[in-house]
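Participant: Take a look and give me a structure for this.
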Amino acid sequence: MMTNHHRKEFIGFFTTAPPVGLPEWAWMWLSAPRPKVDKFGRPLEAPYGLRKVEAKLLEEGFNAAVVDPDYIDRYLKSAKVLMVGHHDYFAMNSPSVEWWAITGQEPVNSRSFKRLMRRPSIREAKSRGLRIIAGGPAAWQWLWRTEYWREFGVDTVIDGEAERVIGDIVRKALEGEELPAYVYVGPEDAPSLDEIPEIRGASINGLVEVMRGCPRRCRFCPVTLRPVRYYPLEKIERELQVNVKAGIRSGVIHSEDILLYGARGIEPNPDALLKLHSLVKRYYRTMAWSHVTLAGVKYAEEKYRLVSKLTEIIYDDHQDWIGAQVGLETGSRRLARIIMPGKAAPYPLDRWHEVVEDALAIMHDYRIVPALTLILGVPGETEDDLMETAELLDRIKGYRSLVVPMFFVPMGYLKDQQGFIRERITEAHVEVMWRALQHSLHWGEDIAFKMYLRSPKHLPLRLLLRVFLLYVKSKTREIERTMREAGPSALLAQGQVAEAKVANL
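Facilitator: Residues are numbered from 1 along each chain as shown. Alright, predicted model coming up:
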């Protein structure tokens, strides 16, 4: 996590897989190069979430800093509290869990974290009274991996937005008081805009948050449990200035649906969006959206011509395309009504396939490249649901995009459900994953080599991607041969063996 992935955010997804076709050191060098640090071992760029926590602690008068893990040993003899954050502590998120199941090998993100926490220096500091606090977007994983909670000596896990509670927890830790083992920050404890500090140091790849929360209320997503708050442009600009001062001239604007910035419910606010993008382009040469929704794209363009107007602001001599993560989630209209009733709004879910296809056509025309996430194994899912998803994948073959199947992870309103990795993959799942793989292989090389990694300086990254694609294609040929000779059921036995390995690990 403490790396800028050669300033290519998407390259970070390679850390969710095990090293494929390369030694781990080479895989890490290509996908997660060591960050630049100052003489104190503090990274010049750090994960945005850690920057927010750092800023809040400094605001409350604590002596705190983000430190590169390679340099923490020099501080552990005097440090009183060690705080760790991660996007995927134990490779339980997608796509880590899929790669683990497919290859039977632990992804490098989990390996790296465990190596860090097993350092003798941390164990020695812990024996001297060091308090350890864990948080971040993967905080929920500690509830499923309590053996590591005990092994690593974690005192407190904070799950949710930490700004309102972090000062009190750290104060108790410093004073030697008993700490709660687990702190869940619910909607009623979410910080107000005034309580959310501005980052003091640069964020990795210039990521800047513009809003929190989402009004669409997808049941599988924890973000929908949080109230919606829009950062004023002045607050956003001050964080942009922090990044530019550190030499960062490209960045990601972060929201669960960027086209809802400043919105009234789900009704776009064209003036706010145009001002936001004009502001960002004054500071960044190139930019990306973290997330956008398909219904948002279709509605904003049809009613306001907003996609056209925004790309006119974004595209110039430095940039001629933009990327974003987009939730496709399912092709089943029945299942969509259960797990994501607001996903298609303001359109009815009966038109979900039309919404998907129309939005992707708009994105294709305006050179917006979506990475489409697809959730498999949602509780209550049937074979008919999966076949409807497969049919939708056939409909979108002609649109430039990647399709990323993900196994259901229990979060949001579905937090008490069982994760899909413990259940059996069916032939219908294999069929959906197969079509998704074929789609992504078709468009992946076009996106990577014609748009994403065009510069000669990206030669090492192109090499990594070539190795990865060769591996995937070889696996694809094996799958195709198995399916042709023995049918999808033959793959299920292989998958069940891989699942057993994951469950044991």
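
Participant: okay, CA-based contacts and neighbour counts for the rest of this
Facilitator: Will do.

Participant: And the residue nearest to the spatial centre of the chain, what's its pLDDT?
Facilitator: Among the residues of the chain, residue 87 comes closest to the average C-alpha position under C-alpha atoms, centre = their mean, at 7.2 Å. As predicted, residue 87 sits at a pLDDT of 92.

Participant: distance of it from residue 15?
Facilitator: Using C-alpha to C-alpha, to the nearest Å, residue 87 is found at 11 Å from residue 15.

Participant: And for residue 333?
Facilitator: Taken as C-alpha to C-alpha, the span from residue 333 to residue 15 is 33 Å.

Participant: Among those two, which residue is more densely surrounded?
Facilitator: When neighbours are counted by other C-alpha atoms under 10 Å, residue 333 and residue 15 differ, and residue 15 comes out ahead with 22 against 19.

Participant: residues contacting that one?
Facilitator: Going by C-alpha atoms under 8 Å, 6 or more residues apart in numbering, residue 15 touches 28, 31-32, 107-109.

Participant: again, 10 Å this time
Facilitator: For residue 15, the contact set (C-alpha atoms under 10 Å, 6 or more residues apart in numbering) comprises 1, 5, 27-28, 30-32, 91, 96, 107-110, 112.

Participant: and what of residue 362?
Facilitator: 294, 297-298, 301-302, 307-308, 368, 399.

Participant: Quick check, pLDDT for it.
Facilitator: Looking at residue 362, its pLDDT is 98.

Participant: Same check on residue 20?
Facilitator: Residue 20 is assigned 80 on the pLDDT scale.

Participant: With residue 305 instead?
Facilitator: Reading off the model, residue 305 has pLDDT 98.

Participant: which residues does it contact?
Facilitator: Residue 305 touches 270, 297-299, counting by C-alpha under 10 Å, 6+ apart.

Participant: phi, psi of the nearest residue to residue 404 once chain neighbours are set aside?
Facilitator: Distances taken as C-alpha to C-alpha, 6 or more residues apart in numbering place residue 373 nearest to residue 404, at 4.8 Å, with adjacent residues excluded. Dihedral pair for residue 373: phi -90, psi 140, per degrees, to the nearest 10.

Participant: mind listing what residue 373 touches?
Facilitator: Per C-alpha under 10 Å, 6+ apart, neighbours of residue 373: 94-95, 325-330, 402-406.

Participant: Quickly list what it is bridged to.
Facilitator: Note on residue 373: beta-bridge partners residue 327, residue 404, judged by DSSP bridges.

Participant: For the residue nearest to the centre of the chain, which residues are in contact?
Facilitator: Residue 87 touches 1, 47, 49, 93, 109, 135-139, 141, counting by C-alpha under 10 Å, 6+ apart.

Participant: Could you rerun that using 6 Å?
Facilitator: By C-alpha atoms under 6 Å, 6 or more residues apart in numbering, the contact list for residue 87 reads 137-138.

Participant: What about the contacts of residue 305, which are in helices?
Facilitator: Counting by DSSP state H, the part of the contacts of residue 305 found in helices is 270, 297-299.

Participant: Now for the residues you listed: which two are most distant?
Facilitator: 270 and 298 (14.1 Å; C-alpha to C-alpha).

Participant: can you give me the helices in the stretch 51-200 of the chain?
Facilitator: Here the stretch 51-200 of the chain has its helices, by DSSP state H, counting those that start in this stretch, at 73-76, 96-103, 108-117, 120-127, 146-151, 166-174.

Participant: Reformat these as JSON lines; add mean neighbour count and mean pLDDT.
Facilitator: Listed next are those as JSON lines, based on neighbours: other C-alpha atoms under 10 Å; pLDDT from 0 to 100:
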{"stretch": "helix 73-76", "mean neighbour count": "15", "mean pLDDT": "95"}
{"stretch": "helix 96-103", "mean neighbour count": "21", "mean pLDDT": "78"}
{"stretch": "helix 108-117", "mean neighbour count": "17", "mean pLDDT": "96"}
{"stretch": "helix 120-127", "mean neighbour count": "16", "mean pLDDT": "97"}
{"stretch": "helix 146-151", "mean neighbour count": "13", "mean pLDDT": "96"}
{"stretch": "helix 166-174", "mean neighbour count": "16", "mean pLDDT": "97"}
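
Participant: Let me have the contacts of residue 373 in JSON lines, adding distance to residue 471 and pLDDT as columns.
Facilitator: Supplementary listing: those in JSON lines, determined by distance: C-alpha to C-alpha, whole Å; pLDDT from 0 to 100:
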{"residue": "94", "distance to residue 471": "19", "pLDDT": "78"}
{"residue": "95", "distance to residue 471": "17", "pLDDT": "82"}
{"residue": "325", "distance to residue 471": "24", "pLDDT": "95"}
{"residue": "326", "distance to residue 471": "26", "pLDDT": "97"}
{"residue": "327", "distance to residue 471": "26", "pLDDT": "95"}
{"residue": "328", "distance to residue 471": "26", "pLDDT": "97"}
{"residue": "329", "distance to residue 471": "26", "pLDDT": "96"}
{"residue": "330", "distance to residue 471": "27", "pLDDT": "97"}
{"residue": "402", "distance to residue 471": "17", "pLDDT": "93"}
{"residue": "403", "distance to residue 471": "18", "pLDDT": "94"}
{"residue": "404", "distance to residue 471": "17", "pLDDT": "88"}
{"residue": "405", "distance to residue 471": "18", "pLDDT": "88"}
{"residue": "406", "distance to residue 471": "20", "pLDDT": "87"}
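
Participant: Show me the shaky parts of the chain.
Facilitator: Within the chain, the set of residues satisfying pLDDT under 70 comprises 420-424, 475-477, 479-505.

Participant: Map the structural domains onto the sequence of it.
Facilitator: By the assignment in automatic domain parsing, the chain contains the domains 5-189, 207-504.

Participant: For PyMOL, write the select line for the buried members of the contacts of residue 305.
Facilitator: Buried subset of the contacts of residue 305, written as a PyMOL selection, criterion 16 or more other C-alpha atoms under 10 Å:
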select buried, resi 270+297+298+299
